[in-house]
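S.K.: 3D model of this:
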Amino acid sequence: MRTNYNNAYGQSVDQQRDALAGTSGADMTAFTAALAAEGPTSFAVEKRTGESVRLHRASSNFGNVQNLSLFSDASQHNKVGTMTVAPVRDSLRILTIENVGRSRYKGVGTAMIEVADHIRESAGLSTLSLLSQDEGASEFFYKKGFRFTDEDKNAEMRTLISNPRYASDEILMGEMER
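M.R.: Here you go, the predicted model:
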């Protein structure tokens, strides 16, 4: 599953990446240092065996946008997830997130959010933000501590999570942060 996020102005991920390539609004030295820091070890669970698998991180950049990949082996042959992030004002913005090992591994999405949160903290940024464009993803992010900027959507999501048979009239997608 691949989930792309757009900003509130309707820009595509490519347009956001190009716009961020030359920005200097955030402290890029701190952001670069945060990316270089190893951070806590991330794990996923191999669904067939139930064994815990250590995830290895690799990153590359395009301007201020960083592409982070998680692999299930140190030789970086088995990619299980990717994410692009960029500093925007006082926030680390998740632009895309893709769990490519979804059918084989459990916990990859959580690991990617933990990596992003570690980078955010190390860079001295106050929030982690994204624009969810999928209701299933919105529920996942909500359970991971993200909240809609629209409080009415948060109330609807709480109701939906507590009562899975509830059919909301609200479209549960949009700006989220934690």
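
S.K.: how far out from the middle of the chain is the longest helix anywhere in the chain?
M.R.: What stands out as the longest helix in the chain, according to DSSP state H, is helix 108-122. Mean-position distance between helix 108-122 and its chain equals 7 Å (Cα atoms, centre = their mean, to the nearest Å).

S.K.: what's the angle between whichever helix or strand comes after it and helix 108-122?
M.R.: Following helix 108-122 in sequence order, the next helix or strand is strand 127-132 (DSSP states H and E). Between strand 127-132 and helix 108-122, the angle comes out at 140 degrees (axes from the mean of the first three to the mean of the last three Cα atoms, to 10 degrees).

S.K.: how about strand 127-132, which residues are buried there?
M.R.: Under the neighbour-count criterion of 16 or more other Cβ atoms under 10 Å, strand 127-132 has 128-132 buried. Just so you know, the C-beta spots here come from the backbone N, C-alpha and C atoms, and that holds for glycine as well.

S.K.: ok, the closest residue to residue 113 other than its chain neighbours - contacts?
M.R.: Nearest residue to residue 113, sequence neighbours excluded (Cβ to Cβ, 6 or more residues apart in numbering): residue 144, at 5.5 Å. Applying Cβ atoms under 8 Å, 6 or more residues apart in numbering to residue 144 gives the contacts 110, 113, 178.

S.K.: what's the pLDDT at residue 144?
M.R.: What the model reports for residue 144 is a pLDDT of 96.

S.K.: please parse this protein into its domains.
M.R.: As given by automatic domain parsing, the domain ranges for the chain are 2-133, 134-178.

S.K.: would you map the helices across this structure?
M.R.: 13-20, 28-36, 108-122, 135-143, 151-162.

S.K.: mean pLDDT lowest for which of these?
M.R.: Among the helices of the chain, helix 13-20 scores lowest, with a mean of 51.

S.K.: just to revisit the earlier point, next, format the buried residues of strand 127-132 as CSV and append pLDDT.
M.R.: Shown next, in CSV, are those (pLDDT from 0 to 100):
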residue, pLDDT
128, 96
129, 96
130, 96
131, 94
132, 94
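
S.K.: run a quick neighbour tally on residue 135.
M.R.: Around residue 135 sit 15 other residues, with neighbours defined as other Cβ atoms under 10 Å.

S.K.: correction: the previous question concerned residue 47.
M.R.: 14.
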